[in-house]
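K.L.:
just coords:
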């Protein structure tokens, strides 16, 4: 685990299961355009949240790369779920701007909803093919730029599937944050 604090906002990297972060107000789903169940993070979140999530997502779809929408958490231990569609690497361009929009839009949505804590997976790095280190650089640069404007969000957690992914994110965060 690695954590930094900027402007009273903690940013932390941990290895874990995003569907079991009971101390977070909201978790982010690495969604597909139709907001349907799938593989990876989207599949895990839909399975854990239950069929009500699929029903709630129907009226919100489709979304475009960079977009973020919010639903209730249903069967998850979190009050809410923010669904983001990251870019498909090498197809959706400009990929870095679209990925940055995902992180910015998700945090701004949490901020608008008065939520204090948010958990992210490594958006776009699974089936969408974004290189993990490049994606982490975009994520942390984006978040560090918006942290000074936040009034409600006080904790941002990256929940990574493997120890190697958590370590890589911690290294990138340390480098970008200058610590």
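P.N.:
Thanks, I have it. All figures in this text were calculated on a predicted structure; none of them were measured in a lab.
K.L.:
the longest helix in the protein is where?
P.N.:
Secondary structure of the chain per DSSP state H: the longest helix is helix 95-112.
K.L.:
Can you name the next helix or strand after that helix?
P.N.:
Sequence order places strand 117-120 as the next helix or strand after helix 95-112, per DSSP states H and E.
K.L.:
If you compare the directions of the next helix or strand after that following strand and helix 95-112, what angle comes out?
P.N.:
Next in sequence after strand 117-120, counting helices and strands by DSSP H and E, comes helix 132-146. Angle of helix 132-146 versus helix 95-112, following axes from the mean of the first three to the mean of the last three Cα atoms, to 10 degrees, is 40 degrees.
K.L.:
thinking again about what came up before, now do the longest helix of the chain, average pLDDT.
P.N.:
Here helix 95-112 scores 97 as its mean pLDDT.
K.L.:
ok, and what's touching it?
P.N.:
25-26, 28, 65-70, 80, 82, 84-87, 89, 92, 118, 120, 123-124, 130, 134-135, 138-139, 141-143, 146, 150-153, 156 (Cβ atoms under 8 Å, 6 or more residues apart in numbering). Every C-beta, even on glycine, is put in place using the N, C-alpha and C of the backbone.
K.L.:
how near is residue 50 to residue 28?
P.N.:
Distance of residue 50 to residue 28, computed by Cβ to Cβ, to the nearest Å: 18 Å.
K.L.:
higher neighbour count, the two?
P.N.:
Between residue 50 and residue 28, counted using other Cβ atoms under 10 Å, the more crowded position is residue 28 (29 against 12).
K.L.:
quick revisit: residues of the longest helix of the chain that come out buried?
P.N.:
Using 16 or more other Cβ atoms under 10 Å as the burial criterion, the residues of helix 95-112 that qualify are 95-96, 98-107, 109-111.
K.L.:
from these, which single one is nearest residue 38?
P.N.:
Taking Cβ to Cβ as the measure, residue 38 lies nearest residue 102 of the buried residues of helix 95-112, at 16.3 Å.
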